[in-house]
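Asker: Could you work out the structure for the sequence below:
(2 chains)
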Amino acid sequence: MSLDPATVRRIARLARIGIDESDLPALQRELNGILGWIEQLNEVDIDNVEPMVGTGHAALRMREDVVTDGDAREAVLSNAPDAAGPYYTVPKVVE
Amino acid sequence: MMLTELTIAAAQGGLRRREFSAEELVGAHVAAIDRLNGRLNAFITVTSEQALDAARRADAILAGGGDAPALTGIPLGIKDLFCTDGVRTTAASRMLEEFVPPYESTVTANLLADGAVFVGKTNLDEFAMGSANITSAFGSVENPWKRAGDAETVLVPGGSSGGSAAAVAARLAMGATGTDTGGSIRQPASYCGIAGIKPTYGRCSRWGTIAFASSLDQAGPMARTVEDCAILLQSMAGFDTRDSTSVDIAVPDYRAACGRSLKGMKVGIPAEYRVAGMPAEIEVAWEQGIAWLRDAGCEIVEVSLPYTKYGLATYYIVAPAECSSNLARYDGVRFGRRVPGASLDELYEATRREGFGAEVRRRILMGTYVLSAGYYDAYYLRAQKVRNLIRKDFENAFQTVDVLLTPTAPSPAFAQGEKMDDPVQMYLNDVFTVPASMAGVPAMSVPAGLSASGLPLGLQVIGRSFDEESVFAAASALERAAGFTHRPAVRAEVV
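Answerer: Residues are numbered from 1 along each chain as shown, chains lettered A, B, ... in the order given. The predicted structure follows:
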């Protein structure tokens, strides 16, 4: 499977990473190099093999549905690049 | 006395006997950083003043005569991936250049509670993605070792915990924290002639550690001796309700495990780690390690881990997939860098283009692709299944053996500029460390000797899940047999 420039553009769009047209050839070459290399996994027989999603040693724990943290508005906003009062800000999204 | 030459174990005794003060001990390391960090670039942020203040508080505690916590007054470097309350934490990325966490990671909080003194935040590959510490937005790290007869060529320290490894090797810190996703503690430890352990996944809390690939990331210590690693892991490890993958089992006495007899221990030698093209000197070091463990009373057993060769390719699907999800949080809105845009999408795209370096962007794109509609089954789901086969390889081997012995890396440290044109060539440095990460089992690198070019070579001991004790025992035996007393060309001297 080989990525064409349109697919690289689409992936970058999905990842919300801006790319220039001039970036495309190098990105396409590098990603295809990696993809070509990982094709080797196609030779593995994976019939009847369960996917591994974690090491499975930690059981999910139940706890009371109570507030354990909070009252930290200042700390939460302390690294916001453009906070306005108690809010994060973004460009206008509703016309 | 050269305070920067001490082990942590020796310094613990010296501080308690008041042979020297914590201020002197920390001061010696701060002076060494002042002298050498400009060259090595092992630290992104140096916290000399806070460290000296903490040292004076440590001296007051030590003067009290009671039971001072284990690490009171011990100067450590902290990989700049652990959030430290009030101290800038960058992940070596422009994205977090000015990020000051309002909280402390669990691992560093544990070390602070045990009295440790942090001298600074160590350099790393950006977001821990790399094997040579060349992707940091704050510049490359220089390995303090030099090839014999070649004082000029700058070698890489390995990665991603390259700053931690270089700092410990050059005696700028007595120990350091690292994180290991596919070899990021063990490979730089091998390249810099120090010890480092990736404990079992779930042993150290990931809370407050900036995430790369959450099903693989694990914190661990790096130090100049196996026992020092045991002392540090004792403090770093433990159950934490704030990490849902933290495992609630008791942390054993790791330091005691270092002295354990190896009589009757079964050591597996996996045939698949004899890869084509491996330098003869790596093979020789490995054979030497096998002989040392046999002499220590171990039974050597040939074992097979047939899916080993698929480890790297599996890793380079699973890790970028998790990376693309984790790094979605850097949106230019809530924290970190923001590059303005006319629309929200333009803001996202401009911020993430400018904030992330080339390797991080490449991995996010690869991860986005393997998770995207139409490709998920072909790549990601297939990789998760192969990962299970790799884990079963280890489970099968550990039915018959207690630990595995392998080389840590397929070569000694290479020069800056080598292996940099092709991402796949760079990824091959992790061929021996990635499988244990995929399985989640503990693995440690210990210095075993020098290459023909005079550079350190590490051996890797891999153990069963939650049996770091056997790993420490075997690694200690290797360390005693190797008698590795070589020191790097660049290091703290008279202070």
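Asker: Find the residue ranges of chain B scoring beneath the pLDDT cut-off.
Answerer: Low-confidence segments of chain B (pLDDT under 70): B:1, B:494-495.
Asker: Report the central residue of it.
Answerer: Taking C-alpha atoms, centre = their mean, the centroid of chain B lies closest to B:Ile185, which sits 2.0 Å from it.
Asker: ok, now which ones touch the residue nearest the centre of chain A?
Answerer: Geometric centre of chain A, nearest residue: A:Ala15, 6.9 Å, by C-alpha atoms, centre = their mean. Counting by C-beta atoms under 8 Å, 6 or more residues apart in numbering or on different chains, A:Ala15 makes contact with B:Ser324, B:Arg352, B:Ile364, B:Leu365, B:Thr368. Quick note: C-beta positions are derived from backbone N, CA and C, even for glycine.
Asker: Can you tell me how far the residue lying farthest from the centre of chain A is from B:Cys229?
Answerer: In chain A, the greatest distance from the average C-alpha position (C-alpha atoms, centre = their mean) is reached by A:Glu64, at 30.6 Å. Distance, A:Glu64 to B:Cys229, using C-beta to C-beta, to the nearest Å: 38 Å.
Asker: try B:Met236
Answerer: Distance from B:Met236 to B:Cys229, counting by C-beta to C-beta: 10 Å.
Asker: Comparing the two, which residue is more hemmed in?
Answerer: Higher neighbour count among B:Met236 and B:Cys229: B:Cys229, with 34 against 22, using other C-beta atoms under 10 Å in any protein chain shown.
Asker: that's a strand at the more buried one, yeah?
Answerer: No. Under DSSP: H, G, I helix; E, B strand; the rest coil, B:Cys229 sits outside any strand and is assigned helix.
Asker: just to revisit the earlier point, please give me every residue in contact with the residue nearest to the residue nearest to the centre of chain A when sequence neighbours are not counted.
Answerer: The shortest distance from A:Ala15 to any non-neighbouring residue, by C-beta to C-beta, 6 or more residues apart in numbering or on different chains, is to B:Thr368 (4.3 Å). By C-beta under 8 Å, 6+ apart, the contact set of B:Thr368 is A:Ile11, A:Leu14, A:Ala15, B:Ser324.
Asker: export these to JSON lines and tack on distance to B:Arg242 and secondary structure?
Answerer: Converted to JSON lines, the contacts of B:Thr368 look like this (distance: C-beta to C-beta, whole Å; DSSP: H, G, I helix; E, B strand; the rest coil):
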{"residue": "A:Ile11", "distance to B:Arg242": "33", "secondary structure": "helix"}
{"residue": "A:Leu14", "distance to B:Arg242": "31", "secondary structure": "helix"}
{"residue": "A:Ala15", "distance to B:Arg242": "29", "secondary structure": "coil"}
{"residue": "B:Ser324", "distance to B:Arg242": "24", "secondary structure": "helix"}
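Asker: just those now: which is nearest B:His29?
Answerer: Checking the contacts of B:Thr368 against B:His29 by C-beta to C-beta gives B:Ser324 as the nearest, at 38.4 Å.
Asker: The closest one - how many residues pack around it?
Answerer: 24.
Asker: OK, now which residue of the stretch 1-150 of chain B is nearest to chain A?
Answerer: With C-beta to the nearest C-beta as the measure, B:Pro102 is the residue of the stretch 1-150 of chain B nearest to chain A, at 3.7 Å.
Asker: check contacts around residue 4.
Answerer: Reading this off chain A. Applying C-beta under 8 Å, 6+ apart to A:Asp4 gives the contacts A:Gln28.
Asker: if you could check chain B rather than the one you did, that'd help
Answerer: With contact set as C-beta under 8 Å, 6+ apart, B:Thr4 has these partners: B:Ala28, B:His29, B:Ala32, B:Arg171, B:Leu172, B:Arg491, B:Ala492, B:Val495.
Asker: what do you get for B:Ile78?
Answerer: Going by C-beta under 8 Å, 6+ apart, B:Ile78 touches B:Thr84, B:Thr108, B:Leu111, B:Phe118, B:Gly120, B:Lys121, B:Thr122, B:Ala176, B:Thr177.
Asker: immediately after the helix or strand harbouring B:Gly120, which helix or strand?
Answerer: Using DSSP states H and E, B:Gly120 sits in strand B:117-122. Per DSSP H and E, the first helix or strand lying C-terminal to strand B:117-122 is helix B:162-169.
Asker: can you dump the C-alpha coordinates of that following helix into PDB?
Answerer: Presented in PDB, the C-alpha positions along helix B:162-169 are these (Å, rounded to 0.1, in the frame of the first residue of the first chain):
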ATOM      1  CA  GLY B 162      19.700  11.000  26.600                       C
ATOM      2  CA  GLY B 163      20.000  14.000  28.900                       C
ATOM      3  CA  SER B 164      19.500  11.800  32.000                       C
ATOM      4  CA  ALA B 165      22.000   9.300  30.800                       C
ATOM      5  CA  ALA B 166      24.600  11.900  29.900                       C
ATOM      6  CA  ALA B 167      24.100  13.800  33.200                       C
ATOM      7  CA  VAL B 168      24.600  10.600  35.300                       C
ATOM      8  CA  ALA B 169      27.600   9.400  33.200                       C
END
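Asker: Say whether chain B is contacted by the longest helix along chain A.
Answerer: Longest helix in chain A by number of residues (criterion: DSSP state H): helix A:24-38. Yes. Helix A:24-38 lies within reach of chain B by C-beta under 8 Å from any C-beta of the partner chain, at A:Leu27, A:Glu30, A:Leu31, A:Gly33, A:Ile34, A:Leu35, A:Trp37, A:Ile38.
Asker: what about A:Val90, distance to B:Gly355?
Answerer: Counting by C-beta to C-beta, the gap from A:Val90 to B:Gly355 is 16 Å.
Asker: ah, wrong one, I meant B:Phe432
Answerer: Distance of B:Phe432 to B:Gly355, computed by C-beta to C-beta: 33 Å.
Asker: So for those two, which sits in the more crowded spot?
Answerer: More neighbours surround B:Phe432 than the other of B:Phe432 and B:Gly355, with 30 against 24 (other C-beta under 10 Å).
Asker: Am I right that the more buried one falls within a strand?
Answerer: No. Counting by three-state DSSP, B:Phe432 is not found in a strand; it is coil.
Asker: hang on, isn't it packed against B:Gln460?
Answerer: Yes. Using C-beta atoms under 8 Å, B:Phe432 is in contact with B:Gln460, at 6.2 Å.
Asker: residue ranges of the helices in chain A, please?
Answerer: With helices called from DSSP H, chain A shows them at A:5-14, A:24-38, A:73-77.
Asker: Between the two ends of stretch A:68-81, how far is it?
Answerer: Stretch A:68-81 stretches 27 Å from its first residue to its last (C-alpha to C-alpha, to the nearest Å).
Asker: A:Ser78 - nearest residue in space that isn't next to it in sequence?
Answerer: Closest to A:Ser78 by C-beta to C-beta, 6+ apart is B:Pro102, at 5.4 Å.
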